[in-house]
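Novice: Structure, please.
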Amino acid sequence: MKLFRIINRYILSVFLSSLILILVSLISVYLIVDFFGKLRMFISNHASYSQVLRFFLHMIPVITTQMVPAAILLATLVTFGSLSRYNEIVAFKANGISIYSVALPVILAVMIMTPALFFFSELIVPKCLEKAEYIRLVEVQKRKRSGSFKQNQIWYRGAEGIYNFHIFDEQSNTIRGVTLNFFDKNFELVKRIDAEKAVWNNGKWEFYNVFVITFTDGNYPELEFKEKVAIEIPEKPEDFKHLQKDAEKMGFFELFSYVKKLNREGYDTTRYIADLHSKVAMNVICIIFVLLGIGFSLRKEKGVTLTQSIGAGVLIGFSYWLVHAFSLSLGRAGVLPPIPAAWAADFIFVVVAYLVLRRVHT
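Specialist: Here you go, the predicted structure:
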């Protein structure tokens, strides 16, 4: 029993030290590439050193959540590849210790990390991403924030009034659940327009199933219904795009509430359901990656070299994200059911991990 504890601590220390080193390296590379990608934007907008530093500091938690699965995969490949290459795996077998017993502490560690990563993504990342976007758009690029995304709705202070939207689809330039409030100089409501949707078409907004309520002094409000009408407002789709909160910028529970709200109001939530399940699938892949890493590292008696480990990690990681992005796009478009589409890549790689592990000699 004491021997098992010593071995478990040793393997776990090797894995965690490799994980930290690889994660820091991946984050550093990402920051360097992102810095040079945004360098022209910062220079052209005369950004201060403080603004640049604060932007990238707030981006670190976002980058971390993206890099953790890849870091876990590479750390697993490096750890078990090294153990096998230096005949430590052979020594464990000679003492009656199976491969699965050796791998157990790493698997358990990753199983603990996975929910921790989920709650980190839920509680920390959305706030950091929102702050980073504020620094980039408002402080650096000097864009005016005329609206906000609150209580799962868009509020926008336009040039001629205050607008409220339920949802804005950037791909089709369609606003759903539209309310336009127009005020006079004394900020008294003079007209309200409610519409099922508004579509940007040929340089103008076309509203459908429209109720127009006109308020006049001393008289009852005038109510008018139109099936389709073009209403001129100075705002274009570009003015609303930065207000609609993407699924990537929402936490799981925030997105879950948003989907429930849209379902109650009868909107199509296919895209958001796919994104909702994708958030969980992208965390579960950490466990699948550690199983794949163990299998690929130990498929040869002499193990794999560091170069081979990195090559295998890049190949596995790229393959997963390619399959996941493709299946998720089909789910968002409604070609595949959204839930199976979000989990398709995880299922495929679970099967691959099982087949690879079967070939490992215990």
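Novice: any low-confidence regions in this structure?
Specialist: 1, 3, 144-153, 159, 218-219, 241-245, 265, 299-306, 309, 361-362 (pLDDT under 70).
Novice: how close does Asp34 get to Trp155?
Specialist: For Asp34, the distance to Trp155 (CB to CB, to the nearest Å) stands at 31 Å. Heads up, the C-betas are built off the backbone N, CA and C, glycines and all.
Novice: no, scratch that, I was asking about Leu322
Specialist: For Leu322, the distance to Trp155 equals 38 Å [CB to CB].
Novice: Tell me which of these two has more neighbours.
Specialist: Trp155 (16 against 11; other CB atoms under 10 Å).
Novice: Is that one located within a strand, as I assumed?
Specialist: Yes. Counting by DSSP: H, G, I helix; E, B strand; the rest coil, Trp155 falls inside a strand.
Novice: By residue count, tell me the biggest strand in the protein.
Specialist: As assigned by DSSP state E, the longest strand anywhere in the chain is strand 189-201.
Novice: Now Lys38: phi and psi?
Specialist: Main-chain torsions, Lys38, degrees, to the nearest 10: phi -100, psi 0.
Novice: So what are the sheet partners of the longest strand of the chain and their directions?
Specialist: strand 174-183 (antiparallel), strand 204-214 (antiparallel) (DSSP bridges).
Novice: Mind listing residues that contact that strand?
Specialist: With contacts defined as CB atoms under 8 Å, 6 or more residues apart in numbering, strand 189-201 is touched by 172-184, 205-215, 231, 236-237.
Novice: one more time with 6 Å, if that's ok
Specialist: 173-176, 178-184, 205-215, 237 (CB atoms under 6 Å, 6 or more residues apart in numbering).
Novice: Make a PyMOL selection of the buried ones in those.
Specialist: Selection command for PyMOL covering only the buried members of these, criterion 16 or more other CB atoms under 10 Å:
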select buried, resi 173+174+175+176+178+179+180+181+182+205+206+207+208+210+212+237
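Novice: hmm, back to that, any chance of the strands paired with strand 189-201 in CSV, plus distance to Ser50?
Specialist: Converted to CSV, these look like this (distance: least, CB to CB, whole Å):
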stretch, distance to Ser50
strand 174-183, 37
strand 204-214, 40
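Novice: Geometric centre of this structure: which residue is closest?
Specialist: Central residue of the chain (CA atoms, centre = their mean): Glu248, 3.6 Å from the mean position.
Novice: just checking, it is part of a helix?
Specialist: Yes. The assignment for Glu248 by three-state DSSP puts it in a helix.
Novice: Ignoring the adjacent residues along the chain, who's closest to it?
Specialist: Asp275 (7.4 Å; CB to CB, 6 or more residues apart in numbering).
Novice: That neighbour - how many residues pack around it?
Specialist: When neighbours are counted by other CB under 10 Å, Asp275 registers 22.
Novice: Helix or strand: which one has it?
Specialist: When elements are assigned from DSSP states H and E, Asp275 belongs to helix 270-297.
Novice: which strands and helices sit next to that helix?
Specialist: helix 49-85, helix 99-123, helix 252-264, helix 306-333, helix 338-358 (3 or more CB pairs under 6 Å, 6 or more residues apart in numbering; DSSP states H and E).
Novice: and Val356, what does it touch?
Specialist: Gly295.
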